[in-house]
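Asker: quick one, fold the following:
(chains A and B)
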Amino acid sequence: MPKVTYTSAAGDVSVLDGNAGDSVMEIAVRNGLPGIVADCGGSLACSTCHVFVREEDLEVLEPMSDLEDEMLDGTTEERRYNSRLSCQLKLEGDVHVYVETPESQV
Amino acid sequence: MSQNNGILIVGASQAGVQLASSLRELGYAAPVTIVGAERHAPYQRPPLSKGFLQGLVTAETLAYRTRDFYEKHNIDLVLSERIVSIDKGPDGAGVATAASGRRFAFDRLALTTGARPRKLQIDGAELEGVLYLRDADDAEDLKTRLERARNVVVVGGGFVGLEAAASARKLGKTVSVLEAAPRLIGRAVGEATSEFFLGAHRARGIDVTLDARIVRFTGDAQGRVAGVELEGGCTVPADVVLVGIGVVPRTELAEALGLACGNGIVVDEHSLASDGTTVVAGDCANLPNPLPREGAPERLRLESVNNAVEQARNAAVTITGTRVAYRMVPWFWSDQGDLKLQMAGLSAGHDQVVVRGTVSEEKFSVIYYRAGRVIAVDCINNPVDFMAVKTLLAKGLNVPAERAGDSGVPLKKLMADLEPAS
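Answerer: Presented below is the predicted three-dimensional model:
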């Protein structure tokens, strides 16, 4: 089962388990993690599930679509080299990825 | 006198779950009970007409929260109980009774009852295969029937109708959309956007009829729908008919309580109903415009995820003590097949329109102005403009119409140029 470690801007760490096929956003929202808002439920409409991905995890994730790339230009906290929208990060198998959530999503 | 029954949230909806979550986040310590009429744990509705119909997402993945979440945050989630009557005293406390007879005592009441589909009252409306789409069971039924259907007729060219039509088309069905108005999505977008969607859906093989006058649904000998008869005698064949002609807010409980109602349950800017104690959030609320300006309606009802979530948060703040006037930029989205429509602001009362980008490339924005200021935007496959205008409206900024049409320059840049140096 995939596992995600979320670290908030304040340094709070949560380690959550998901099911195969879940996105990093879905695992967070279903467990009520406050750092990810995801108003649109994962349809690439709101840019409120922005995360910073640990460098070594970037390559195990699905590549970014053009639409996600464009949406990242509109996040509340400025994008960085490791920015992704967590609704697009579907996890399979026994991966364990580490992400940081920004201070603000809206 | 409080007996520590806590809050009773009637409606296990997006707003209901958000209210419960926000109350816990804000440190509300009393009991929180959510009662829902459906058998399913609270789930997301937007995908029902999109990914769910197309088989891209399953019912299980639609849940908002895990079962553990409710347990961990001490939220009592009660399903399959429909509240049918409520007794409430002037202090806001009372007892709600479900159809089963089960009673729920509360110190504070919240109504997040949502809306039900508007029914089409014509001959043949009761035929098997005439469907509506609001909840998970509706979607499951529609999905099953779509598998066997060849001809699908959608009555209503609004969001739900067009999303479902595009989904059915993707599944290879013959799809007709019948819209009574002279243009598509007329309630939510301007003429240029309507015009674009008409052409785009037709180009994808959906047969769209505007100004459609439906006389009745025709059936076969088994009582199943077989067609939709239009004025003039022509009949469109149909194995499945989906009616998507808007929703009616669920106000029965509020009306029985004597709360002011009229196109929804009337609330103030703190999400309080007319009794001053009951909080209301989501599709069922008639609220003061959260983005007030000249030329915009003073009160309205917002049917959106964004409002369900934000108004529920506002209601949670009201309950936990502080009062903050509800302000936000309304926004909406609609995925219709491969067409992504995102809207921010309210275009009512606009006096100028600027089209930015290339319509023929299916990637552009329609920016609405009033008295020289941006008030709203419709973005088609153009999320960058959507995010920019949403931010612009939240911050009270502007981009002059004469510059906004230049799609070579990002709106964000144009805004930054004009932002007063602080």
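Asker: need the contact list for B:Asn286.
Answerer: B:Pro249, B:Cys261, B:Gly262, B:Asn263, B:Gly264, B:Ile265, B:Val266, B:Val267, B:Arg299, B:Leu300, B:Arg301 (Cβ atoms under 8 Å, 6 or more residues apart in numbering or on different chains). No exception for glycine: its C-beta is placed from N, CA and C like everyone else's.
Asker: isn't the fourth one up against B:Arg301?
Answerer: Okay, so that is B:Asn263. Yes - using Cβ atoms under 8 Å, B:Asn263 makes contact with B:Arg301 at a distance of 5.7 Å.
Asker: list residues touching both of these two?
Answerer: With Cβ under 8 Å, 6+ apart as the test, B:Asn263 and B:Arg301 both reach B:Pro249, B:Asn286.
Asker: those two - which one has more neighbours?
Answerer: Each of B:Asn263 and B:Arg301 has its neighbours counted (other Cβ atoms under 10 Å in any protein chain shown); B:Arg301 has more, 19 against 12.
Asker: surely the more buried one and B:Ile265 touch.
Answerer: No - judged on Cβ under 8 Å, B:Arg301 makes no contact with B:Ile265 at a distance of 9.4 Å.
Asker: shared neighbours of these two, anything?
Answerer: B:Pro249, B:Ala285, B:Asn286.
Asker: using the three-state scheme, assign the last one.
Answerer: Following DSSP: H, G, I helix; E, B strand; the rest coil, we place B:Asn286 in the strand state.
Asker: spatially nearest residue to B:Val384, not counting backbone neighbours?
Answerer: A:Glu70 (4.8 Å; Cβ to Cβ, 6 or more residues apart in numbering or on different chains).
Asker: for B:Val377, that is, sorry about that
Answerer: Nearest one to B:Val377, counting by Cβ to Cβ, 6+ apart, is B:Val389 at 4.0 Å.
Asker: can you tell me the element that neighbour falls in?
Answerer: helix B:383-395 (DSSP states H and E).
Asker: how far does that helix sit from its chain's centre?
Answerer: 20 Å (Cα atoms, centre = their mean, to the nearest Å).
Asker: same question for it: list its buried residues.
Answerer: B:Pro383, B:Val384, B:Asp385, B:Phe386, B:Met387, B:Ala388, B:Val389, B:Lys390, B:Thr391, B:Leu392, B:Leu393, B:Ala394 (16 or more other Cβ atoms under 10 Å in any protein chain shown).
Asker: any chance of the shared contacts of B:Arg301 and B:Ile265 in JSON lines, with pLDDT too?
Answerer: Below are the shared contacts of B:Arg301 and B:Ile265 laid out as JSON lines (pLDDT from 0 to 100):
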{"residue": "B:Pro249", "pLDDT": "98"}
{"residue": "B:Ala285", "pLDDT": "98"}
{"residue": "B:Asn286", "pLDDT": "98"}
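Asker: which one of those residues is nearest to B:Ala139?
Answerer: Relative to B:Ala139, the closest of the shared contacts of B:Arg301 and B:Ile265 is B:Pro249; by Cβ to Cβ it sits at 20.7 Å.
Asker: any chance of the shared contacts of B:Arg301 and B:Ile265 in a markdown table, plus distance to B:Glu25?
Answerer: Listed next are the shared contacts of B:Arg301 and B:Ile265 as a markdown table, based on distance: Cβ to Cβ, whole Å:
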| residue | distance to B:Glu25 |
| --- | --- |
| B:Pro249 | 27 |
| B:Ala285 | 21 |
| B:Asn286 | 27 |
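Asker: chain A contacts on the stretch 151-300 of chain B?
Answerer: Contact residues, the stretch 151-300 of chain B versus chain A (Cβ under 8 Å from any Cβ of the partner chain): none.
Asker: repeat for the stretch 301-422 of chain B
Answerer: So far as Cβ under 8 Å from any Cβ goes, the stretch 301-422 of chain B lies against chain A at B:305-306, B:309, B:331, B:333, B:335, B:340, B:342, B:381, B:383-384, B:386-388, B:390-391, B:410, B:412.
Asker: apply 6 Å and report the result again.
Answerer: B:Val305, B:Asn306, B:Val309, B:Trp333, B:Asp335, B:Gln342, B:Pro383, B:Val384, B:Met387 (Cβ under 6 Å from any Cβ of the partner chain).
Asker: give the contact list for the first one.
Answerer: Going back to what we said before, that points to B:Val305. Shown in contact with B:Val305 (Cβ atoms under 6 Å, 6 or more residues apart in numbering or on different chains): A:Asp39.
Asker: try 8 Å this time
Answerer: A:Asp39, A:Cys40, A:Gly41, B:Gln14, B:Gln44, B:Pro46.
Asker: of these, which is the most crowded?
Answerer: B:Gln14 (28 neighbours).
Asker: with adjacent residues omitted, what lies nearest to it?
Answerer: B:Ala308 (4.3 Å).
Asker: and what of B:Ala376?
Answerer: That would be B:Gly345: by Cβ to Cβ, 6+ apart, it lies 3.3 Å from B:Ala376.
Asker: for B:Gly156, see how far away the one you found is.
Answerer: 24 Å (Cβ to Cβ, to the nearest Å).
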